[in-house]
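> no sequence on hand, only this structure:
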Ligand SMILES: [Zn+2]
């Protein structure tokens with residue numbers, strides 16, 4: 001007996017099952033057309049998997065290393081419905097404001113994740129105040145969260161460092177790294193940086 005579910009929903013279901021069975025593998029149009037049994041609307045079905053079901057199927061519009069006509073699904077986890085409802089502009093605004101950095105663990109978009117180097121860091125939007133306790137979808141209540149933190153995986157491994165331990169780490173770092181840190185802090189706290197120089 002196999003517990004594998006038969007794909008449902010015609011071409012879309014077959015495509016969904018095929019993407020989920022081929023996580024992380026780049027596929028081209030010939031392959032997907034064949035999976036959809038040559039249905040002319042197969043590309044539209046793929047789009048529906050993105051827009052209606054939230055699967056993060058990447059194309060050359062998302063990734064420079066993908067050629068036109070190539071598709072890639074990296075994670076079986078669809079985007080939550082709220083994230084799909086947020087405009088591209090709001091998403092770009094929040095990610096830019098957060099410096100394309102996960103606000104929980106500090107992982108940077110596109111770089112190897114510090115707690116799981118096999119994964120490239122992908123950022124999602126999360127709520128600062130959870131919706132269940134009245135938080136809104138307003139940009140002021142949104143922040144960048146990486147997929148690892150989003151899945152709760154880094155909670156167990158990551159504790160916020162206390163100030164003393166943090167200072168010890170910083171003092172032991174190379175001057176080059178300390179200067180990088182300074183630049184990052186000045187960028188993050190421009191007002192406070194200017195005030196402390198004026199004094
Ligand atoms: Zn994170």
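Structure received. Please read these numbers as outputs of a predicted model, since none were measured by experiment. Numbers count the residues shown, from 1 in each chain.
> give me the distance from the helix or strand hosting residue 166 to the chain's centre.
If you go by DSSP states H and E, residue 166 is part of helix 163-172. On the basis of C-alpha atoms, centre = their mean, to the nearest Å, helix 163-172 is displaced by 29 Å from the centre of the chain it belongs to.
> what comes up buried for that helix?
Buried residues in helix 163-172, counting neighbours by 16 or more other C-beta atoms under 10 Å, are absent. In this view, the C-beta of every residue, glycine as well, is placed from N, C-alpha and C.
> so after it, what's the next helix or strand?
helix 175-188.
> who's in contact with that following helix?
Among residues not part of helix 175-188, those counted as contacts by C-beta atoms under 8 Å, 6 or more residues apart in numbering are 99, 170, 173, 193.
> now that helix: mean pLDDT?
In this model, helix 175-188 carries a mean pLDDT of 92.
> how big is the angle separating that helix from helix 163-172?
130 degrees (axes from the mean of the first three to the mean of the last three C-alpha atoms, to 10 degrees).
> show me what secondary structure element comes after helix 175-188.
helix 190-198.
> doesn't residue 117 fall inside a helix?
No. Going by DSSP: H, G, I helix; E, B strand; the rest coil, the assignment for residue 117 is strand, not a helix.
> can you give me the neighbour number for it?
Close neighbours of residue 117, defined as other C-beta atoms under 10 Å, add up to 9.
> separation between it and residue 107?
11 Å (C-beta to C-beta, to the nearest Å).
> ditto for residue 180
Taken as C-beta to C-beta, the span from residue 180 to residue 107 is 16 Å.
> over to residue 47?
In terms of C-beta to C-beta, residue 47 sits 29 Å off from residue 107.
> between the two, which is the more surrounded one?
Counted by other C-beta under 10 Å, residue 47 and residue 107 do not tie: residue 107 has more neighbours, with 28 against 13.
> just read off the phi/psi values of that one.
phi -70, psi 140 (degrees, to the nearest 10).
> same question, residue 137
Dihedral angles for residue 137 - degrees, to the nearest 10 - are phi -90, psi 10.
> do the same with residue 136
phi -100, psi 170.
> for it, give its distance to the ion.
22 Å (C-beta to the ion, to the nearest Å).
> check residue 169 too.
Taking C-beta to the ion, one finds residue 169 at 19 Å from the ion.
> can you check residue 138 too?
From residue 138 to the ion the distance is 22 Å (C-beta to the ion).
> cool, and residue 134?
24 Å.
> neighbours of that residue, how many?
For residue 134, using other C-beta under 10 Å, the count is 8.
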